[in-house]
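Asks: for reference, the sequence and a predicted model appear below.
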Amino acid sequence: MDLNLLDLATVVRSWGRGVVFHAPRWDPAEPLALEHLGDTEGDIVINTNPDVQKLTTPELTGPAAHEADYTGEDPVVEIPLYLTDPDLWAIISPTGSAHAGMARRGVVYERTLAIFPEQLFLEAVDGIPTRRQVSFAAGVWTFNAVPLTDAQNALLDASFWLWRGFFSRTPRRFLGGAGDARKNIETATFQTLQHPDLPEGHRLYTTGNPFDSGINLDGGS
């Protein structure tokens, strides 16, 4: 076995700001069409909440485990979102409606979520960060109609895909402060559910390029 240090000049130390895209719950038989959720300020946090149960023999060997069972995860995403667009009120909702009050209880409105580094969508033009279109088709990703560079593929590898879940309704505030104190930023919480139509090992979430994991975003998988 050979032991070698990393080339520290090539280590990625930050993904930078994140952006969130959403869609109605994805049916893998159909193409996935994502829309930008909205502007955020602050950290987008993905809590995967893994659960591991340990087998111990405390009377013999103390608290250290001899075996451990991974029982699953319960991912929750926290998104600090500017909630001033009325169109968002129906999206950041467990019912798919900005309103509430029904004669009977019902199931939640389910969505699919994808989180990317914002830098994946930007290009420096004369020193000015400029938005570009990122697309996928037939398993190939493009940036402004050009295949991704190695650096852009590294950003794509940082993406996080949650295939099925729902938003909890956030507070709504009318703020009477001044300056930053009157910014309407609320933390939107997304609770992930199991998606039975995704491959084994990907029914909660997938990291990186889904095509690399055999998940066809163009539909038909």
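Replies: Yes, it's here.
Asks: after the longest strand belonging to the chain, which helix or strand is next?
Replies: Taking DSSP state E as the criterion, the chain has its longest strand at strand 62-73. Toward the C-terminus, strand 62-73 is succeeded by strand 76-82 as the next helix or strand (DSSP states H and E).
Asks: contacts for that following strand, please.
Replies: Residues outside strand 76-82 that contact it (CB atoms under 8 Å, 6 or more residues apart in numbering) are 20, 37-47, 49, 88, 92, 113, 115, 162, 170, 183-192. Glycine gets a C-beta too; all of them are placed from N, C-alpha and C.
Asks: now stretch 178-190
Replies: 41-42, 76-84, 92, 111, 113, 162, 165-168, 170-173, 175-176.
Asks: first to last residue in that stretch, what's the distance?
Replies: Taking CA to CA, to the nearest Å, stretch 178-190 runs 30 Å from one end to the other.
Asks: same check on stretch 160-174?
Replies: End-to-end distance of stretch 160-174: 33 Å, with CA to CA as the criterion.
Asks: low-confidence stretches in the chain?
Replies: Scanning the chain for pLDDT under 70 picks out 221.
Asks: what's the following helix or strand after whichever helix in it runs longest?
Replies: Ranked by number of residues, the top helix in the chain under DSSP state H is helix 150-156. Once the chain leaves helix 150-156, the next helix or strand it forms, by DSSP H and E, is strand 160-168.
Asks: report the buried residues of that following strand.
Replies: Within strand 160-168, the residues that count as buried by 16 or more other CB atoms under 10 Å are 160-167.
Asks: which of the residues you listed sits closest to residue 29?
Replies: Closest to residue 29 out of these is residue 163 (13.4 Å), distances taken as CB to CB.
Asks: residues in contact with the closest one?
Replies: 26, 112, 195, 198, 202-206.
Asks: ok, back up a step: strands paired with the longest strand of the chain, and their directions?
Replies: The strands beside strand 62-73 in its sheet (DSSP bridges) come out as strand 50-57 (antiparallel).
Asks: contacting residues around the partner strand?
Replies: Residues contacting strand 50-57 (CB under 8 Å, 6+ apart): 62-74.
Asks: which members of these are classed as buried?
Replies: By 16+ other CB under 10 Å, these give no buried members at all.
Asks: just to revisit the earlier point, among the contacts of strand 76-82, which are in helices?
Replies: In this view, these that belong to helices under DSSP H are residue 88.
Asks: and residue 60, what helix or strand is that in?
Replies: Here residue 60 is assigned to helix 58-61, by DSSP H and E.
Asks: what is the neighbour count of residue 121?
Replies: For residue 121, the tally of surrounding residues (other CB atoms under 10 Å) stands at 19.
Asks: surely it meets residue 131?
Replies: Yes - in this structure, residue 121 is within contact of residue 131 by CB atoms under 8 Å, at 5.9 Å.
Asks: do you know how far residue 94 is from residue 110?
Replies: Computed as CB to CB, to the nearest Å, the residue 94 to residue 110 distance reads 10 Å.
Asks: sorry, wrong one. I was asking about residue 170.
Replies: Counting by CB to CB, the gap from residue 170 to residue 110 is 18 Å.
Asks: picking that back up, shared neighbours, residue 94 and residue 110?
Replies: Common neighbours of residue 94 and residue 110 are listed as residue 166 (criterion: CB under 8 Å, 6+ apart).
Asks: hang on, the earlier thing: in a markdown table: the contacts of strand 50-57, plus distance to residue 31.
Replies: Putting those into a markdown table (distance: CB to CB, whole Å) gives the following:
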| residue | distance to residue 31 |
| --- | --- |
| 62 | 55 |
| 63 | 51 |
| 64 | 50 |
| 65 | 45 |
| 66 | 48 |
| 67 | 44 |
| 68 | 40 |
| 69 | 38 |
| 70 | 33 |
| 71 | 34 |
| 72 | 29 |
| 73 | 27 |
| 74 | 29 |
